[in-house]
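Student: Need coordinates for the below:
(2 chains)
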Amino acid sequence: MKFLSLHVDSIKFKPLKKALKKIQNLTEKQKKGEEAKEALAVLTAVEKIDKNVEEVVREFVKNVKEIAKQVKAKNIVLYPYAHLSSNLASPELAVEILNKAEKELRKSFNVVHAPFGYYKEFEVKVKGHPLSELSREIVIGGEDKEEKYDEKQLLREISKTKLDTSKLKENDHRILGQQMDLFSFNETAPGMVFWHNNGLIIRNELIDFWREVHKNAGYKEIATPQILDKRLWQISGHWEKYRENIFLTEYEKRQFAVKPMNCPGGLLVFKNKPKSYKDFPLRVGELGIVHRQELSGVLGGLFRVIQFMQDDAHVFCTEKQLEIELLRVMDLIELFYSKFDFKYSVELSTRPEKRIGSDKMWNKAENILKKVLERKKLKYKINEGEGVFYGPKIDYHIEDSLGRTWQCGTIQVDFSMPERFELEYTDKDNKRKRPIMIHRAIYGSLERFIGILLEHYKGRLPTWLAPIQVRILSFTDRNEAHAKKIIKELEDEIPNLRIDSDFRQITVPAKVKDAEIMRIPWIVLVGDKEQDKNTIAVRHEGKVKYGVKKDNFIKELKELIEERI
RNA sequence: GCCUCAGUAGUUCAGUUGGUAGAACACUACAUUGGUAAUGUAGAGGUCCUGAGUUCAAUCCUCAGCUGAGGCUCCA
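Tutor: Model prediction:
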């Protein structure tokens, strides 16, 4: 529940029109409107989370009494004011809470209760003293009395997510994800991915590749906690500018935020030890899982989720090093995107309304980003006002199967976080100086990137990324033993090869069909002819080659798997 | 969150002008030993998303909610 209390000389209101259908009609007296003088006007908004009616009423009454006592008010005006919240409770709940609070407050005050569910005009004259205007929020945690489900009912409600495929293309990643058994979603965790074994293999391969490239590019890697004390987010400015996206939790009466970004954790690692100019540029990566509360209507497959893994990294450097470091990050992004033949567009997002830091800082940061874009000779679009609250950014956008573009890579210049966290290093002249920070991500989110990847390749991933790289089919039961021998040989020759088999007693075309739906890049058939000649039949990208020598196949496969590096 | 649409078997879908449901594929069993996107027969599978209301009766009608899809807005 949120409320705003105003200590007023007078308040006057009049209901004009019903705002809600199912609301009681007014009495003649109420229709005329009312006026109160020397009162504490309490503008209220009951929210969805206020399900624990008694607790909410008790807290609210306690707060109002406390304020009234401080300002010595004897009259109270309860004034429903929905605009305080974007997450309102049902009218029934709101009316219940307000009526109960009114009853309670009547014991010690004169109470005027403005009608609920009407558009009202009102006039106030507020006293100017320090306590005359206060806003408060009441959050009741703990058990939810209404949510007393028996287990059977709960089980009934948990259905898995049914996809409406009417508008989707054949190569939509959500359809591919089902066919290739990569991931799923469930109502119990909207916007959060259940990774199946096959999907996790892709994610892990991308992570391995990322680690290798970053190690070579001079990056360190860290991991920071999932939940951190609310006060940290107040320092970083997230509490002020990003609060509606943050999940909250608590531990022994302390409020914690589930991290929506990795940077504050990274800053704490930086501060853990004194830094010298010799440590710079300091490049620190973190494959961090973040949670963000997003408007439910924007969620969609892997492209927009609530929980995701960012391939985050922060580069701490001096002002002199900034330009070259930005260029190096851009090189790295190009390396990754060309690896997957991605076409991308680049956009520059400038200062938003909700921001921290001075205009001087923003000018500096925006100018340097423009400069590197021009040095790289990249064509770019400018998005005015779309930067992050702590700095401007360069975004890399990639297209999906429906022609929509999604932001993946991002580079952000930040002068403000180092300031807020008082980051320092000792320079050559033995003076303490403030570093500059670059935030950057290349995949952006592993989830989104995998979605794009699947659509880009229509499920036919390069061999090194494919969850199942080779499937061996037997022609008849006669060939099963020989096929098993071949599997063993391949596994011995190629370590970590992802190979499986299909020895079912069904026709070859049926087995081929199943393997093709799984988008397995290499389908190998072993029949009587192959067994006699000690060869194999290989199907790749829909084309079949008969009489292939095993050694040649192994050689080709090895090369494709090594493509990763 | 807002607007529009959707939710029936593991999957893709049909169906009931209100009388608790069907196919194909997948699964299991049996037969079959096959040459590169679907071998045959049989069996098993469902609180028709959840809750409330209307009704003698609701999967179907009404209302509320949950989830998904497209768009808006917001973002990686």
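Student: could you say what helices and strands the helix or strand harbouring A:P418 packs with?
Tutor: Assessed by DSSP states H and E, A:P418 sits inside helix A:416-420. Applying 3 or more CB pairs under 8 Å, 6 or more residues apart in numbering; DSSP states H and E, one finds that helix A:416-420 makes contact with helix A:230-236, helix A:263-271, strand A:436-445. From N, CA and C alone the C-beta is placed, and that goes for glycine too.
Student: Just say helix, strand or coil for the residue of the stretch 251-400 of chain A found nearest RNA strand B.
Tutor: Closest contact between the stretch 251-400 of chain A and RNA strand B, by CB to the nearest atom of the strand, is at A:G297 (2.1 Å). Applying DSSP: H, G, I helix; E, B strand; the rest coil to A:G297 yields a three-state assignment of helix.
Student: how many neighbours does it have?
Tutor: Burial of A:G297 is recorded as 7 neighbouring residues (other CB atoms under 10 Å).
Student: How about A:I246?
Tutor: Neighbour tally, A:I246, other CB under 10 Å: 18.
Student: Quick check on A:K488: phi, psi?
Tutor: Per-residue torsions, A:K488: phi -60, psi -40 (degrees, to the nearest 10).
Student: Kindly apply the preceding question to A:K259 instead.
Tutor: Torsion angles, degrees, to the nearest 10, at A:K259: phi -60, psi 130.
Student: What residues does it make contact with?
Tutor: Each residue near A:K259 by CB atoms under 8 Å, 6 or more residues apart in numbering is listed here: A:224-228, A:265, A:288, A:290-291.
Student: Same list, these, but as JSON lines with neighbour count please.
Tutor: Formatted as JSON lines, those follow (neighbours: other CB atoms under 10 Å):
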{"residue": "A:T224", "neighbour count": "17"}
{"residue": "A:P225", "neighbour count": "12"}
{"residue": "A:Q226", "neighbour count": "15"}
{"residue": "A:I227", "neighbour count": "16"}
{"residue": "A:L228", "neighbour count": "17"}
{"residue": "A:G265", "neighbour count": "21"}
{"residue": "A:G288", "neighbour count": "21"}
{"residue": "A:V290", "neighbour count": "19"}
{"residue": "A:H291", "neighbour count": "20"}
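Student: Could you export these as CSV, including secondary structure and distance to RNA strand B?
Tutor: Below are the contacts of A:K259 laid out as CSV (DSSP: H, G, I helix; E, B strand; the rest coil; distance: CB to the nearest atom of the strand, whole Å):
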residue, secondary structure, distance to RNA strand B
A:T224, coil, 17
A:P225, coil, 20
A:Q226, coil, 16
A:I227, strand, 18
A:L228, strand, 18
A:G265, helix, 16
A:G288, strand, 11
A:V290, strand, 8
A:H291, strand, 9
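Student: Next, format these as CSV and append distance to A:L154.
Tutor: Listed next are the contacts of A:K259 as CSV, based on distance: CB to CB, whole Å:
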residue, distance to A:L154
A:T224, 34
A:P225, 31
A:Q226, 26
A:I227, 26
A:L228, 31
A:G265, 35
A:G288, 32
A:V290, 28
A:H291, 23
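Student: which one of those residues sits closest to A:P115?
Tutor: A:H291 (39.7 Å; CB to CB).
Student: On the strand side of things, show who that closest one bridges to.
Tutor: A:Q307 (DSSP bridges).
Student: That one contacts A:V305, doesn't it?
Tutor: No: using CB atoms under 8 Å, A:H291 is not in contact with A:V305; the gap is 9.5 Å.
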